[in-house]
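Trainee: heads up, no residue letters with this:
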């Protein structure tokens, strides 16, 4: 396995095409379905963690970003993990785990985040808990259509970085979710 961390804005044409192909394999289009069926607007990652197999095929991806937010009105630097995907034929080989670990290490060591946050379906919480993530029990606030709202679409999970996990009741992400 080979991996790299790259600024998303600096992905070249081949990397962008490989990422589109991976996304199509993970989320195949359904005939007659709208192009973007999600009612949620998502933040674009600043960083891309790309994992390649021995044949130089992109097999897994993790998006990462940083954002200033608030934990009960105290400013914090949050690392975001999102867009995790692994090609269906390559699942169970540790690619996503490696990508997530590299992303959280990068966010902690290189970007100095206080903690990292991801959102996931309830069915994936056990997987992330095995990787050291914890469920957030408070309310996460996000922006949608210019309005501040409580995020209820998926579960919110946290992992410590420079600081212990926050004990706040309200975590304001000050923007779109990721």
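Mentor: Good, I have the coordinates. Keep in mind it's a predicted model, so treat the numbers as computed, not measured.
Trainee: Report the beta-bridge partners for the residue sitting nearest the centre point of the chain.
Mentor: Compute the mean C-alpha point of the chain, and by CA atoms, centre = their mean the closest residue is residue 82, 1.4 Å away. In this entry, residue 82 is beta-bridged to residue 63, by DSSP bridges.
Trainee: For residue 177, see how far away it is.
Mentor: Here the criterion is CB to CB, to the nearest Å. By it, residue 82 lies 8 Å from residue 177. All C-beta atoms are positioned from the backbone trio N, CA, C, and that covers glycine.
Trainee: now swap in residue 119 and tell me
Mentor: As for residue 119, its distance to residue 177 is 6 Å (criterion: CB to CB).
Trainee: any common contacting residues for those two?
Mentor: A shared contact of residue 119 and residue 177, defined by CB atoms under 8 Å, 6 or more residues apart in numbering, is any residue touching both; here these are 82, 140, 151, 153.
Trainee: So which of those residues are in strands?
Mentor: Counted as lying in strands by DSSP state E, out of the shared contacts of residue 119 and residue 177, are 82, 140.
Trainee: Kindly supply the ChimeraX command isolating those of the shared contacts of residue 119 and residue 177 that are buried.
Mentor: Here the buried members of these are turned into a ChimeraX selection, burial being counted by 16 or more other CB atoms under 10 Å:
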select :82,140,151
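Trainee: In a markdown table, list the shared contacts of residue 119 and residue 177 along with pLDDT and distance to residue 63.
Mentor: Conversion of the shared contacts of residue 119 and residue 177 to a markdown table gives the following (pLDDT from 0 to 100; distance: CB to CB, whole Å):
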| residue | pLDDT | distance to residue 63 |
| --- | --- | --- |
| 82 | 97 | 5 |
| 140 | 97 | 18 |
| 151 | 97 | 17 |
| 153 | 92 | 17 |
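Trainee: I'd like the shared contacts of residue 119 and residue 177 laid out as TSV, including distance to residue 92.
Mentor: Formatted as TSV, the entries for those read as follows, by distance: CB to CB, whole Å:
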residue	distance to residue 92
82	22
140	30
151	29
153	27
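Trainee: For residue 171, state which of the shared contacts of residue 119 and residue 177 is nearest.
Mentor: Among the shared contacts of residue 119 and residue 177, residue 140 lies closest to residue 171 (CB to CB), at 4.9 Å.
Trainee: Residue 108 falls within a strand, correct?
Mentor: No: assignment of residue 108 by DSSP: H, G, I helix; E, B strand; the rest coil gives helix, placing it outside any strand.
Trainee: Just to check, it is in contact with residue 114?
Mentor: No: under the criterion of CB atoms under 8 Å, residue 108 lies out of contact with residue 114, with a separation of 9.2 Å.
Trainee: what about these two, which has more around it?
Mentor: Taking other CB atoms under 10 Å, residue 108 and residue 114 do not tie; residue 114 has more neighbours (21 against 18).
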